[in-house]
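Colleague: sequence first, then the predicted structure:
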Amino acid sequence: MDLSQLTGHIWLDGEMVPWQEAKVHVLTHTFHYGLGVFEGVRAYNTSQGAAIFRLQEHTDRLFRSAHILRMEMPFDKGTLSEAQRQVVRANGLDEAYIRPMCFLGSEGMGLRADNLKTHVMVAAWAWPSYMDPEARDRGIRVATSSYTRHHVNITMCKAKANGNYINSILALREALDAGFEEALLLDNEGYVAEGSGENVFLVRNGVLYTPELTSCLEGITRDSIIRIAEDQGLTVKEKRITRDEVYVADEAFFTGTAAEVVPIREVDHRTIGTGVRGPITETLQRIYLESVRGAQADYADWLAPVA
């Protein structure tokens with residue numbers, strides 16, 4: 001899919017701009033240095049029409065990311081939340097992937113990054129599935145990456161920053177080249193961190209485990225799964241997890257806005273559990289996928305209607 005060839009409108013600095021006219025200069029600062037922040041958000045088709053999943057939480061994280069990187073936001077949260085609704089409506093989408101991004105302009109160049117204006121864009125388009133749809137059922141094969149996840153005092157790990165994802169791209173491409181479907185990254189001390197763009201969970205003896213949020217992004221899907229699991233009576237523990245603990249897990253899965261909930265059936269040529277999606281993963285996945293489409297009343301407040 002060549003995104004530049006789509007039609008519709010993109011919200012850019014407060015205005016709806018025709019899709020193919022939403023352009024920036026080649027000397028845009030973020031284009032050269034990677035200092036920008038973004039979100040990945042999804043709208044789902046519900047019985048009440050299109051609705052954005054956890055819109056407020058995504059907008060809040062976007063502003064936290066900008067604050068961490070000292071980017072002055074030119075719009076308030078309410079404006080950017082409405083902009084995300086607006087692009088879904090303007091493009092006539094029932095379901096959508098939404099990409100808000102804040103970037104520094106072409107007002108200057110260099111590492112001082114001073115006297116630069118923060119610009120904001122929001123785009124939305126149809127993107128049915130990030131991974132093979134069959135992966136939801138059969139699970140995926142994962143390889144531990146040779147690339148280390150970010151150190152907390154080198155990269156600001158709580159910011160969803162553009163440049164941070166170079167690490168993710170390299171790790172994922174390495175895994176794909178080796179015949180796997182996703183990468184598992186370790187932190188600088190050798191403990192499990194996350195996937196290239198997902199948080200990770202393990203099940204062992206009926207207990208749900210997930211890594212502490214040190215070098216990991218504070219995932220919104222991760223938070224949703226923890227709440228669902230606790231509501232189901234499961235014990236959830238956040239702890240340091242070693243690579244071999246993953247190998248002997250009864251179940252494992254990734255979570256993320258794009259990936260949703262994806263079972264892991266193999267890591268580094270070791271079968272996880274029985275090699276198929278486990279019962280706890282299946283339950284959490286089912287409730288999550290029902291929730292995003294408005295079929296779970298307990299989580300109705302997670303959905304923001306577009307209309």
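Modeller: On my side now, so go ahead. Numbering: from 1, shown residues only.

Colleague: please make it C-alpha for all contacts and neighbour counts, starting now.
Modeller: Will do.

Colleague: what comes into contact with stretch 57-65?
Modeller: Surrounding stretch 57-65, the residues in contact under the criterion Cα atoms under 8 Å, 6 or more residues apart in numbering are 37-41, 73, 77, 80-81, 158-161, 220.

Colleague: also stretch 105-123?
Modeller: Applying Cα under 8 Å, 6+ apart, the contact partners of stretch 105-123 are 9-14, 25, 27-30, 71-74, 83-84, 87, 98-104.

Colleague: going through those residues, which ones are buried?
Modeller: Neighbour counting with 16 or more other Cα atoms under 10 Å marks 9-12, 14, 28-30, 71, 73, 83-84, 87, 98-104 as buried within these.

Colleague: pLDDT wise, what is residue 1 at?
Modeller: pLDDT for residue 1: 84.

Colleague: any idea how far residue 122 is from it?
Modeller: Noted for residue 1: a distance of 18 Å to residue 122, by Cα to Cα, to the nearest Å.

Colleague: higher neighbour count, these two?
Modeller: Each of residue 1 and residue 122 has its neighbours counted (other Cα atoms under 10 Å); residue 122 has more, 26 against 6.

Colleague: which is the next helix or strand following the helix or strand containing that one?
Modeller: Applying DSSP states H and E as the criterion places residue 122 in strand 118-125. Next along the chain after strand 118-125, taking DSSP H and E as the criterion, comes helix 135-138.

Colleague: how far off centre is that next one?
Modeller: 19 Å (Cα atoms, centre = their mean, to the nearest Å).

Colleague: now the helix or strand just after it, how far from the centre of its chain.
Modeller: Downstream of helix 135-138, the next assigned helix or strand under DSSP H and E is strand 140-148. Its chain's C-alpha centre and that of strand 140-148 lie 18 Å apart, by Cα atoms, centre = their mean.

Colleague: just checking, what packs against strand 140-148?
Modeller: Strand 140-148 sits against helix 165-177, strand 182-186, strand 260-267, with contacts defined as 3 or more Cα pairs under 8 Å, 6 or more residues apart in numbering; DSSP states H and E.

Colleague: which pair in the contacts of stretch 57-65 spans the largest distance?
Modeller: The largest separation in these, counting by Cα to Cα, is between 73 and 220 at 21.5 Å.

Colleague: low-confidence ranges in the stretch 1-150 of the chain?
Modeller: By pLDDT under 70, the stretch 1-150 of the chain has no low-scoring segment.

Colleague: would you map the strands across it?
Modeller: Under the criterion DSSP state E, counting those that start in this stretch, strands of the stretch 1-150 of the chain are mapped to 9-12, 15-18, 36-38, 41-46, 49-53, 96-104, 118-125, 140-148.

Colleague: for residue 181, which of the ones you listed is the nearest?
Modeller: Counting by Cα to Cα, residue 181 lies closest to strand 140-148 out of those; the figure is 5.5 Å.

Colleague: got the angle between that closest one and strand 182-186?
Modeller: Per axes from the mean of the first three to the mean of the last three Cα atoms, to 10 degrees, the angle that strand 140-148 makes with strand 182-186 is 40 degrees.

Colleague: strand 140-148: partners in the sheet, and parallel or antiparallel?
Modeller: Counting by DSSP bridges, the strands paired with strand 140-148 are strand 182-186 (parallel), strand 260-267 (parallel).

Colleague: most packed of those strands?
Modeller: When you average the neighbours per residue for each of the strands paired with strand 140-148 (mean count of other Cα atoms under 10 Å), strand 182-186 leads with a mean of 27.

Colleague: angle of that one against helix 165-177?
Modeller: Angle, strand 182-186 to helix 165-177, by the same axes, to 10 degrees: 130 degrees.

Colleague: average model confidence for strand 182-186?
Modeller: Strand 182-186 comes out with an average pLDDT of 98.
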